[in-house]
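Novice: sequence first, then the predicted structure:
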Amino acid sequence: MAILKATNIKYYYQDGENIRTILKDLSIEFEKGKFYTILGPSGSGKTTLLSLLAALDEPKEGRILYNDQDIKTIGYEKYRRNMISIVFQSYNLVPYMTALENVMIPMAITENDIPKNTKEVAYNLLDYIGITKTKADRIVNKLSGGEQQRVAIARSLASNVDVIFADEPTGNLDSELEDEIIEIFRTLAHEHNKCIIMVTHSKEIADKSDVSFQLKKGVLLQNE
């Protein structure tokens, strides 16, 4: 059963006297336990689609459903706080906080069930994705790019959500670190039953996902 659905999504904007269409009557479904990629070159609309699915923007037409409930009915802020997490290419961590403090932020604002020993949980999450306790206590901008992206992934897990979006999360990393980060996402889907939805321009990454879609001129095609 799909946890997340987009039905008949259209997105466009006015460019002078012209209407520029980004997404054309797009429908797609996502299930838990799978790692999805949405592949496309810059300007193809893949980040726009991710923004709509994550309620960072609103479609011009169509609906997005989480567990068959319209996310507009759930409330965009509540949906973002309790149902999804996002991992960004540029990490989007709070630079003057430690890795541990960054991971604890979503625990403080979610309405999901979180263990009371939040600090211990945060340390465990960081350890799980390869950040030692010593590094967890460091200010994040003292960590390498790969370490910061691991912190961002730990943060995405902290609010105990089922759907994790990733926007070109390996774009700033070398190929070896890229492979490690992709393996973390695969494990989260297959062993922890998360729904992972990643946008990328890399066919190599798409080939490692369970289901890959290609976005071309606003139309979504499933790769074989």
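Specialist: Right, received. Where do you want to start?
Novice: could you use CA atoms for every contact and neighbour count after this?
Specialist: Will do.
Novice: tell me the strands beside the worst-scoring helix or strand of the chain on mean pLDDT, with direction?
Specialist: Ranked by mean pLDDT, DSSP states H and E, the weakest helix or strand in the chain is strand 219-222, scoring a mean of 91. Sheet pairing for strand 219-222, assigned by DSSP bridges, gives strand 211-216 (antiparallel).
Novice: contacting residues around the partner strand?
Specialist: 34-40, 44-46, 206, 220-224 (CA atoms under 8 Å, 6 or more residues apart in numbering).
Novice: now those residues: which count as buried?
Specialist: Neighbour-count burial (16 or more other CA atoms under 10 Å) applied to the contacts of strand 211-216 gives K34, F35, Y36, T37, I38, L39, G40, S44, G45, K46, A206, L220.
Novice: ok, now which ones touch the residue nearest to the second one when sequence neighbours are not counted?
Specialist: For F35, ignoring the flanking residues on the chain, the nearest one in space by CA to CA, 6 or more residues apart in numbering is I196 at 4.7 Å. Applying CA under 8 Å, 6+ apart to I196 gives the contacts K32, G33, K34, F35, Y36, V163, I164, F165, A166, F185, L188, A189.
Novice: in which helix or strand would I find I196?
Specialist: Per DSSP states H and E: I196 is located in strand 195-200.
Novice: now do that strand against strand 211-216, angle only.
Specialist: On the basis of axes from the mean of the first three to the mean of the last three CA atoms, to 10 degrees, strand 195-200 is oriented at 40 degrees to strand 211-216.
Novice: from I22, how far out is the closest residue to T98 other than its chain neighbours?
Specialist: In this structure, T98 finds its nearest non-sequential neighbour in I139, 3.9 Å apart by CA to CA, 6+ apart. Distance, I139 to I22, by CA to CA, to the nearest Å: 39 Å.
Novice: still on that earlier bit, quick one: the strand holding I196 to chain centroid distance?
Specialist: Offset of strand 195-200 from its chain centre (CA atoms, centre = their mean, to the nearest Å): 6 Å.
Novice: in its sheet, what does that strand sit against?
Specialist: According to DSSP bridges, strand 195-200 forms sheet pairs with strand 35-39 (parallel), strand 163-167 (parallel).
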